[in-house]
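Enquirer: the following block contains a protein sequence and its predicted model.
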Number of protein chains: 2
Amino acid sequence: MFAACLPGTPLIQIGGKWTAKIVRCLEGGPRRFSELMVPLGGVTPKVLTETLRAMERDGLVTRTVRGGVPQRVDYALTALGRTLLGPMAACCDWSEAHLPALLDARDAHESTGRPAPS
Amino acid sequence: MFAACLPGTPLIQIGGKWTAKIVRCLEGGPRRFSELMVPLGGVTPKVLTETLRAMERDGLVTRTVRGGVPQRVDYALTALGRTLLGPMAACCDWSEAHLPALLDARDAHESTGRPAPS
DNA sequence: CTGAATCCAAAAGGATACTG
DNA sequence: CAGTATCCTTTTGGATTCAG
């Protein structure tokens, strides 16, 4: 979802489908596994685990196991992870401002360009 | 590569693997099909066509067929497409500043966390 | 030159069930 | 609660070939 679009380098894509939302969910402080599951809306534990592991590997989040009978694990942004908040905000601002226009264009194109796809 | 990460909306991903680089290639003005092929480094015509068609459908680029014996087609950013340059620059700045740190973290994690994956 | 057609491999994401 | 283990579907991107 987040492309490292340096002109001279091969294209690198950072993160998967859920990375952006996870970063925003962690913006306000550490969250538990289940506290991430719910607001993400329908992500499966397998995918959430994979994504969080990848982000941990990349130094974007920390994973803290806090024992106890109902096990508890906290995820939090690292300093590096917080540096993503800036560009992420730029993307969100763009979405709020221009995504409707993009979707309008998409609808319009489907109406004019291909009236009967049957 | 470009996630519309509004908190309340379902996640929408804008563009594919090459969208970011295409936008940057078009930043300086219209480009022809073959002028996009080369700097993108190894994209196949099929994928480039698909990506450009999607961007045209979304109102991000215009496609202008200029006849002639060697056929010529120009692609250019629309006003909407140019609004992407801002957030895109933020992403590129982030990449330049923090991508090395991310890759370092990735290497370090692979060394410490899993010494013998055989 | 531009791009459509076909076929294909890999990866991402998801459903479901089970474990410490 | 916080995952792990399997299996599966869909999507994406690519190689190759052919056409206007």
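Expert: Now that the structure is in, tell me what you want to look at. Numbers count the residues shown, from 1 in each chain, chains lettered A, B, ... in the order given.
Enquirer: partners of A:Arg63 in the sheet?
Expert: For A:Arg63, the beta-bridge partners under DSSP bridges are A:Tyr75.
Enquirer: can you list the domain ranges for chain A.
Expert: Taking automatic domain parsing as the reference, chain A has its domains at A:3-78, A:84-118.
Enquirer: let me have those in TSV, extended by distance to B:Glu50, mean neighbour count and mean pLDDT.
Expert: All C-beta atoms are positioned from the backbone trio N, CA, C, and that covers glycine. Formatted as TSV, those follow (distance: least, C-beta to C-beta, whole Å; neighbours: other C-beta atoms under 10 Å in any protein chain shown; pLDDT from 0 to 100):
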stretch	distance to B:Glu50	mean neighbour count	mean pLDDT
domain A:3-78	16	16	89
domain A:84-118	15	14	80
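Enquirer: closest to DNA strand D out of the ones you listed?
Expert: When the domains of chain A are compared by C-beta to the nearest atom of the strand, domain A:3-78 sits nearest DNA strand D, at 3.1 Å.
Enquirer: helix, strand or coil for the most centrally placed residue in chain A?
Expert: Nearest to the geometric centre of chain A sits A:Ala20, at 1.8 Å (C-alpha atoms, centre = their mean). In three-state terms, and counting by DSSP: H, G, I helix; E, B strand; the rest coil, A:Ala20 is helix.
Enquirer: hang on, it packs against A:Phe2?
Expert: Yes. Counting by C-beta atoms under 8 Å, A:Ala20 touches A:Phe2, with 7.0 Å between them.
Enquirer: circling back to that earlier point, which one of the domains of chain A lies closest to B:Leu103?
Expert: domain A:3-78 (8.2 Å; C-beta to C-beta).
Enquirer: and the lengthiest helix in chain A, anywhere near chain B?
Expert: Counting by DSSP state H, the longest helix found in chain A is helix A:85-113. Yes. Helix A:85-113 comes into contact with chain B (C-beta under 8 Å from any C-beta of the partner chain), by way of A:86-88, A:90-99, A:101-102, A:104-106, A:108-110, A:113.
Enquirer: chain center to that helix, what's the gap?
Expert: Distance of helix A:85-113 from its chain centroid, counting by C-alpha atoms, centre = their mean, to the nearest Å, is 17 Å.
Enquirer: got the angle between that helix and helix B:85-113?
Expert: Per axes from the mean of the first three to the mean of the last three C-alpha atoms, to 10 degrees, the angle that helix A:85-113 makes with helix B:85-113 is 120 degrees.
Enquirer: packing partners for helix A:85-113?
Expert: Judged by 3 or more C-beta pairs under 8 Å, 6 or more residues apart in numbering or on different chains; DSSP states H and E, helix A:85-113 is in contact with helix A:19-25, strand B:2-4, strand B:12-14, helix B:45-57, helix B:79-82, helix B:85-113.
Enquirer: can you rerun that using 7 Å?
Expert: helix A:19-25, strand B:2-4, helix B:79-82, helix B:85-113 (3 or more C-beta pairs under 7 Å, 6 or more residues apart in numbering or on different chains; DSSP states H and E).
Enquirer: thinking again about what came up before, could you dump the domains of chain A to CSV with distance to DNA strand D?
Expert: Shown next, in CSV, are these (distance: least, C-beta to the nearest atom of the strand, whole Å):
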stretch, distance to DNA strand D
domain A:3-78, 3
domain A:84-118, 14
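Enquirer: mind checking which of those is nearest B:Val38?
Expert: domain A:3-78 (13.3 Å).
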